[in-house]
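Enquirer: I'd like to go over a predicted model; first the sequence, then the structure.
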Amino acid sequence: MGFDINSLADFLAALVCAPFLLGVINRVKAFFAGRRGQPVLQLYYDLGKLLRKGAVYSSVSGPVFRAGPVIGLAAVTGALLFVPAGGHGALLGFSGDMILFAYLLGLARFFTVCAALDTGSSFEGMGASREAFFSALAEPALFMPLAVLAAKTGEISLEAAFRSSSMVAGTPLLLVAAALYLVFLAENCRIPLDDPNTHLELTMIHEVMALDHSGPDFALISYGAALKMWLLGAILARLAFPFGGMGWAANAALFLSAMLALAVITGTVESCMARLKMTRAPAMLLSALALGFAAFLVA
Amino acid sequence: MDFLIVSLMLSSVALCATGRIRSLVRIAVFQGLILGLLAVSRQFTAQTAALALATVAVKAVIFPYILMRAVEKAGAVLEPRPYVGYNPSIAVCMAMLGISAWIARKFSPQAPLAAAGAFFTMFAGLFVIISRRTAFSQVIGYLALEGGIYSFGLSLSGDTPAAVELGLLLDLFAAVFIMGIMVYRISDEFDHADMEKISFLKDSGDYD
């Protein structure tokens, strides 16, 4: 596969624009609550501030705690390499990269969980346990739509599957997109499953694992979360819109407006829904799996 | 067509995944509408239109009305302690989806998806009947079961005599009418519609 300068531009754009998405979601939520809300670029300021600070390490935590955020961000960035954004190809692609993509996200999660356990805090242990449980359900829910794509196109590479002419369409596409959107909400700790704004450790799932990280470490975690949101969103946008056969500018404009629309939809969903009870949360992921399963039958 | 069948399937999954009686009734309404649309989706003639109209009238208007009245009089809101919880129910649904797809492929290879949707709706209805406690949920499970049979008839042969379909509908109407009255009476008499407790109402001897 040839090297494409457009793909590199997409990759760099993702690295730069990812935190912007969270800003848009927060603004939409603020709009629904009747507030003006924080600046759209708030996460950039936060990241800048955190990076200038020093990190504090507890004496009981070991090297795993320090490695967690770094490996987490590296794995997510690695996964981003395989995502074809807009109408272009991915930066990297080979047969089977779908599986590597899913497990790079898994690796990031594994190290986040390990780092949380390494602190020795009971709250973080609780969060780690929840994260491990929910991600065990989210993983098949992510794999099912990918499996539908693979079965339909006969390609097990994200890049090739999206390039293929026999992409899913019609009803199965709707099901796959719905399943992936539920996974998108779950993986990014958005409201029906987790509440990113909660201040009560007992109700946290993902946030609680980052409580003991400070300074640059916390910046890496926040930035990694934003990147993860961007890359799952990019897959959704690519599914929803038929890119290709367009000029560079039209392509970029359509892609960015799709991402913006996704952020607005997510903000709206979060404003209109209550969070699920913790015991009902698996139902959401299982429903995503059922949607994927139905898509598999139809496609 | 595909879209309708998938909607039917997913609403059956939702039927297994919720315990709010109002939502269950709402899902039953939705399924009634889908079944009506299914009847006219293959060919639109006066006959199928009449069948669709009758289906929607009975399944999406009359039944929910009867059920809702009984539910409101009994003051039932939530299914208490189902035998199979809601999260495991969704997992069971996925197993049933797989099984019905397998059966459908054997049974009617010309329209596997329609048959799979029909089988799955039947299974889901049966599952709701056996896994829930209150009579309300069980009546709705029965409705879903019947809806599955109905859509199976539609998928297998588009030209089932309308008289047969209408006869079935009438039968069902009588059944649900009686069930509605019974559920109302039961909850009136015993302050609940929990079928487990009803089954202990027999002559003493076995349990003493």
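Expert: Right, received. Where do you want to start?
Enquirer: in chain B, what residue lies closest to chain A?
Expert: Of all residues in chain B, B:Ile90 sits closest to chain A, at 4.0 Å by CB to the nearest CB. No exception for glycine: its C-beta is placed from N, CA and C like everyone else's.
Enquirer: what is the neighbour count of that residue?
Expert: Neighbours of B:Ile90 under the rule other CB atoms under 10 Å in any protein chain shown: 21.
Enquirer: check A:Val298 too.
Expert: With other CB under 10 Å as criterion, A:Val298 counts 24.
Enquirer: near the nearest residue to it once chain neighbours are set aside, how many other residues are there?
Expert: Spatially, and ignoring its direct neighbours in sequence, A:Val298 is nearest to A:Pro172 (4.6 Å; CB to CB, 6 or more residues apart in numbering or on different chains). The local packing of A:Pro172 (other CB under 10 Å) involves 23 other residues.
Enquirer: give the contact list for the closest residue to chain B within the stretch 151-299 of chain A.
Expert: For the stretch 151-299 of chain A and chain B, the shortest gap (CB to the nearest CB) falls at A:Leu286, measuring 4.0 Å. Counting by CB atoms under 8 Å, 6 or more residues apart in numbering or on different chains, A:Leu286 touches A:137, A:141, B:17, B:87, B:90-91, B:94.
Enquirer: can I get the helix or strand hosting the residue nearest to A:Val298 in PDB, CA atoms only?
Expert: Assigned by DSSP states H and E, A:Pro172 belongs to helix A:171-187. C-alpha atoms of helix A:171-187 as PDB (Å, rounded to 0.1, in the frame of the first residue of the first chain):
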ATOM      1  CA  THR A 171     -31.100  -2.000   7.300                       C
ATOM      2  CA  PRO A 172     -27.900  -3.800   8.400                       C
ATOM      3  CA  LEU A 173     -26.000  -0.500   8.100                       C
ATOM      4  CA  LEU A 174     -28.500   1.100  10.400                       C
ATOM      5  CA  LEU A 175     -28.100  -1.700  12.900                       C
ATOM      6  CA  VAL A 176     -24.300  -1.700  12.700                       C
ATOM      7  CA  ALA A 177     -24.300   2.100  13.200                       C
ATOM      8  CA  ALA A 178     -26.700   1.900  16.100                       C
ATOM      9  CA  ALA A 179     -24.600  -0.900  17.800                       C
ATOM     10  CA  LEU A 180     -21.400   1.100  17.200                       C
ATOM     11  CA  TYR A 181     -23.000   4.200  18.600                       C
ATOM     12  CA  LEU A 182     -23.900   2.400  21.800                       C
ATOM     13  CA  VAL A 183     -20.300   1.200  22.100                       C
ATOM     14  CA  PHE A 184     -19.100   4.700  21.400                       C
ATOM     15  CA  LEU A 185     -21.200   6.000  24.300                       C
ATOM     16  CA  ALA A 186     -20.000   3.200  26.600                       C
ATOM     17  CA  GLU A 187     -16.300   3.300  25.700                       C
END
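Enquirer: helix or strand for the spatially most central residue of chain B, just tell me which one.
Expert: With distances taken as CA atoms, centre = their mean, B:Ala144 lies nearest the centre of chain B, 1.5 Å away. For B:Ala144, the host element (DSSP H and E) is helix B:135-156.
Enquirer: based on its surroundings, how many neighbours for the closest residue to chain B within the stretch 1-150 of chain A?
Expert: Nearest residue of the stretch 1-150 of chain A to chain B (CB to the nearest CB) works out as A:Leu137 at 9.3 Å. Per other CB under 10 Å, the neighbour tally for A:Leu137 reads 19.
Enquirer: state the distance from it to A:Leu285.
Expert: The gap separating A:Leu137 from A:Leu285 is 4 Å, by CB to CB, to the nearest Å.
Enquirer: so what does the worst-scoring helix or strand of chain A on mean pLDDT touch, helix or strand wise?
Expert: Across the helices and strands of chain A, the lowest-confidence element by mean pLDDT, DSSP states H and E is helix A:158-163, at a mean of 85. Counting contacts by 3 or more CB pairs under 8 Å, 6 or more residues apart in numbering or on different chains; DSSP states H and E, helix A:158-163 packs against helix A:97-118, helix A:122-153.
Enquirer: what do you get if the cut-off is 10 Å, keeping everything else the same?
Expert: Using 3 or more CB pairs under 10 Å, 6 or more residues apart in numbering or on different chains; DSSP states H and E as the contact test, the elements touching helix A:158-163 are helix A:97-118, helix A:122-153, helix A:215-240.
Enquirer: sorry, back to before: now for the residue of the stretch 1-150 of chain A closest to chain B: which residues touch it?
Expert: Applying CB atoms under 10 Å, 6 or more residues apart in numbering or on different chains, one finds that A:Leu137 lies in contact with A:183, A:186, A:281-286, A:288-289, B:87.
Enquirer: could you redo the last one with a cut-off of 6 Å?
Expert: For A:Leu137, the contact set (CB atoms under 6 Å, 6 or more residues apart in numbering or on different chains) comprises A:282, A:285.
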